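*Asks:* Sequence first, predicted model second:
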Amino acid sequence: MANLILSRRSFLTASAAGASSLVLAGCDQFDFLGQRDHQVRDFLERANSLTYQAQRVLAGQQSLAHTYDESEIRQPQRPNGSTDPQTADYLALKANNFADYRLRVTGLVENDLSFSLDELRNMPAQSQVTRHDCVEGWSCIAKWTGTPLGPVLDQAVPKASARFIVYHCYDTMGGGLSGPEAYYESSDLIDGHHPQTLLAYGLNNQTLPVSNGAPVRVRIERALGYKQPKYVHTIELVDSFSKFGQGQGGYWEDHGYDWYGGI
Ligand SMILES: Nc1nc2c(c(=O)[nH]1)N[C@H]1C(S)=C(S)[C@@H](COP(=O)(O)O)O[C@H]1N2
Ligand SMILES: [Mo]
């Protein structure tokens, strides 16, 4: 898909006219919206989310999250949400310093994949200093190190029917009447292939600690804190969220948060 380059003025004019007339106008920059079978267009129709539309159109698909200098790191990454998972599988892995950890890639892919931590660490590494924004009202600048997810997805070869990526985590939340619910998150394939999306195993020049998601968490840098899944064990490509949790695409989405969660 061609990169969308729009001036702020043409976006404002276009948005005043409303999203549906954009499609009818057949404006060059929005050509993809006119293609009946286009994944993004399908999604826009279904999601009905202005944040998602505005961000994808205005910022472009691969616009980068702001990065900082290491000197701008002022405090450790504040652990939030689960900080010490107690599921049996996780405790067993942790007891052995994650030597038996495998990250699985499965679902609507041609090749099911599985990687040990050493294999992930031997893949091309990338570091970035970014700001994590939690909806609870705090931010932390931190340096994340890992391997980009995009090439891993390429190696798995997503099927044409794959539309979303579900990130399954080891920890559970809640534990009320409905019982514990596994933490999970999801993104579209655009964010999966974004150049800053990492399978992160390092934080601030150290091994990623348990409190921040050891051994592997995903960083999706243009999204809010709850879209940064920790303790990830499986990456599943899917065509719908309906069979996971309450079907909204993530633990917090199931409890009312917005799915896109863009910054
Ligand atoms: N598996 C898992 N991932 C998670 C959470 C969680 O509870 N479990 N909390 C989310 C929220 S709300 C935030 S703000 C960040 C916190 O990441 P941190 O502990 O590294 O600061 O992780 C997100 N990812
Ligand atoms: Mo958060």
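*Replies:* Okay, I see it. Ligands and ions are numbered 1, 2, ... in the order given.

*Asks:* list the contacts for A95?
*Replies:* Contact criterion CB atoms under 8 Å, 6 or more residues apart in numbering gives no residues in contact with A95. Backbone N, C-alpha and C define where each C-beta goes, glycine included.

*Asks:* Ramachandran coordinates for it?
*Replies:* phi -60, psi -30 (degrees, to the nearest 10).

*Asks:* Pass me the low-pLDDT residue ranges in the stretch 101-250 of the chain, would you?
*Replies:* Applying pLDDT under 70 to the stretch 101-250 of the chain flags residues 175-176.

*Asks:* Strands along that one, start to end?
*Replies:* 102-107, 113-116, 126-134, 138-148, 164-174, 180-188, 198-203, 206-207, 217-219, 232-238 (DSSP state E, counting those that start in this stretch).

*Asks:* Relative to the whole chain's centre, how far out is the fourth one?
*Replies:* This means strand 138-148. Relative to its parent chain, strand 138-148 has a centroid offset of 13 Å by CA atoms, centre = their mean, to the nearest Å.

*Asks:* That strand near ligand 2 anywhere?
*Replies:* No: judged by CB under 5 Å from the ion, strand 138-148 and ligand 2 are separated, with a smallest distance of 8.3 Å.

*Asks:* who touches that strand?
*Replies:* Applying CB under 8 Å, 6+ apart, the contact partners of strand 138-148 are 68, 70, 72-78, 120-121, 123-133, 195, 197-205, 216, 219.

*Asks:* Keep those, but drop any that are not near ligand 1.
*Replies:* Among those, the ones lying near ligand 1 by CB under 6 Å from any ligand atom are Q77, R78.

*Asks:* Pull out the buried residues from the contacts of strand 138-148.
*Replies:* Buried members of the contacts of strand 138-148, counted by 16 or more other CB atoms under 10 Å: 73, 77-78, 120-121, 126, 128-130, 132-133, 197-204, 216, 219.
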